[in-house]
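[1] got a predicted structure here, sequence first:
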Amino acid sequence: MFFLKLSLITWLIAAPGLVVSTENVITCYGSVQRLSCDIGLIRVQSAIYGRTDSSVCNAGRPPSETQNTRCSMKIPLISERCDGQTACEFKTDVLGIPDPCLGTYKYYNTTYNCIQGRIGMICEGSYSTLDCGNDVIQIVSANYGRTDRTTCSEGIENKETEDTNCHAPDTLTSVLTRCNDRKRCILEASNTIFTDPCKGTYKYLAFSYFCLSVETSVTCEHSTAVLTCEAGVLKIHSANYGRTDSTTCAAGRPAHEINKTDCFAGNTLAEVVRRCEGKNSCSVPATNSVFSDPCVGTFKYLTVVYSCAGSDGFDFSQLTNEV
């Protein structure tokens, strides 16, 4: 069995006590691939099946089985199985992956990050609140079903915990919709929310997440917002041009210009994302000519909540371990 685990990078982040590492595992076909994090949770960055190097997994193999080094296909299944866990393993020859290059002896090459985060479990019929305070929730993984016999099993009949291959489709999408980029959300483990993937089995919602530290920019009408990332690129979480309180950008303004506090320009987020998302810096004028006028006669302001993400869209520099 050939098993290679390389610790590529270890970063000490500005947030106190937060360590994030990037790992790489190469496993020959037919062996067990194991991903694990000594600290944090797994987030798969890439998973490839095939061969790109003739010297890897070549022991006892004739040259005809190792000379093709232009053979690779992406395996999203590994991310689906492992994201959000502290350890994950599977036998590579039972995944049912199509053969990308007949006659070539292949291997699995998986690169993943270990990220600071928290794991949560909600038994069927129960609720839980995720609260990140002033930061925003970022969901890593979610599954409604059952993958072991011990979780949420107290007082439950054995026949209701036997099925450990139970996964509700679209669980992650549903949890993302309810919680991602919000400061607080409530999750319910219920068949009415996620549908019933295994009737007769007592299920639970397993999820993982972290709290992302964000910046808030407020720019009064007729001025220009300037958003900048010293490292990484801009990720826009929310934005509004209008007015939601009577105190912001209110100095010297008559009451009739600041009294309306339910003023929202519907195109704000899309416009700010268009101008700023994925860039190192951007400028956005807080004017009616950019967003139209959502409340004529009211003095408005532009509020943007954003963070600075890595080039892959995942934010390392602004992670916090306060959950």
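    Structure received.

[2] what residues are up against Val32?
    1, 89-92 (CB atoms under 8 Å, 6 or more residues apart in numbering). Backbone N, C-alpha and C define where each C-beta goes, glycine included.

[3] over to Ser153?
    With CB under 8 Å, 6+ apart, Ser153 has these contacts: 161, 202.

[4] three-state assignment of it?
    coil (DSSP: H, G, I helix; E, B strand; the rest coil).

[5] and it, what are its phi and psi?
    phi -120, psi 0 (degrees, to the nearest 10).

[6] so what pLDDT did Ala231 get?
    Predicted confidence (pLDDT) for Ala231: 82.

[7] the residue nearest to Tyr204 when sequence neighbours are not counted: how many residues sit nearby?
    Once flanking residues are discounted, Tyr204 sits nearest to Cys152: 4.2 Å by CB to CB, 6 or more residues apart in numbering. Other residues near Cys152 come to 22 when the count uses other CB atoms under 10 Å.

[8] check the one 10 residues further on too.
    Other residues within reach of Glu162 by the criterion other CB under 10 Å amount to 13.

[9] so where does it fall, helix or strand?
    Following DSSP states H and E, there is no helix or strand that holds Glu162.

[10] can you tell me which two in the contacts of Val32 are farthest apart?
    The distance between the two most remote of those (CB to CB) is 14.3 Å, for Met1 and Phe90.

[11] neighbour-wise, which of these two wins?
    More crowded of Met1 and Phe90, by other CB under 10 Å: Phe90, with 17 against 9.

[12] surely that one touches Arg81?
    Yes: between Phe90 and Arg81 a contact is recorded at 6.5 Å, counting by CB atoms under 8 Å.

[13] may I have the beta-bridge partners of Tyr306?
    Glu215, Ile236 (DSSP bridges).

[14] quick one: contacts for it?
    214-215, 217, 227, 234-237, 276.

[15] and which of those is nearest Val296?
    The nearest one, if we look at the contacts of Tyr306 relative to Val296 and count by CB to CB, is Ser217, at 24.4 Å.
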